[in-house]
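>>> With the sequence up front, the predicted model follows.
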Amino acid sequence: MTYSYKFHQILSLKEHEKEAVLVEYNKSIENFEIVGKKLYELLKQKEERQAGQSEKITRGSSIEDIQKYQRFMLKIDQDINNLQQLVAEARAQMQAKEKLLLEANIEMKKYERMKEIDYENFVMTNKCNENKLMNEISVQQFLRTRVNTE
């Protein structure tokens, strides 16, 4: 007798759902990394520019250069603020996808555990049926040998 799991299609569906959520989660990680890297590069650029500007100020620079620097710093600060918001949104999205992935994993594990239990029950039922059949055969053989000896 072959084993057939009654919820096989549901288990298969849950596996596909989990894989889809995993793909979405990986995309959200990539997006978070991309935005985070842009923020890092912008912060690094700001730091380098500040170091260069402080050196220029000690050597002396024109008011026009200082004004350019201040405009650049205002723009870079705005860009940093925008990127920080994007990083926060990407992090929130990544965490939401992670939660969905965890829920999908739990759901799939439930169905896998149900399958294991069902299979164990199937094996036990088969053994019981086999034992009953063996008992019946033994009884029949006993009766045949008894009838033949009498």
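Sure thing, it's come through.

>>> packing partners for the helix or strand harbouring Lys27?
Here Lys27 sits within helix 8-59, counting by DSSP states H and E. Here helix 8-59 touches helix 63-149, going by 3 or more CB pairs under 8 Å, 6 or more residues apart in numbering; DSSP states H and E. (Glycine included, C-beta is placed from N, CA and C.)

>>> Compute the number of surrounding residues for Val35.
19 (other CB atoms under 10 Å).

>>> Quickly note the distance from it to Met73.
21 Å (CB to CB, to the nearest Å).

>>> cool, and Asp118?
Counting by CB to CB, the gap from Asp118 to Met73 is 66 Å.

>>> Same question for Gln95.
Distance from Gln95 to Met73, by CB to CB: 32 Å.

>>> before we move on, what about Leu43?
From Leu43 across to Met73, the span is 12 Å (CB to CB).

>>> Find out how far the helix holding Lys27 is from the centre of the chain, if you would.
17 Å (CA atoms, centre = their mean, to the nearest Å).
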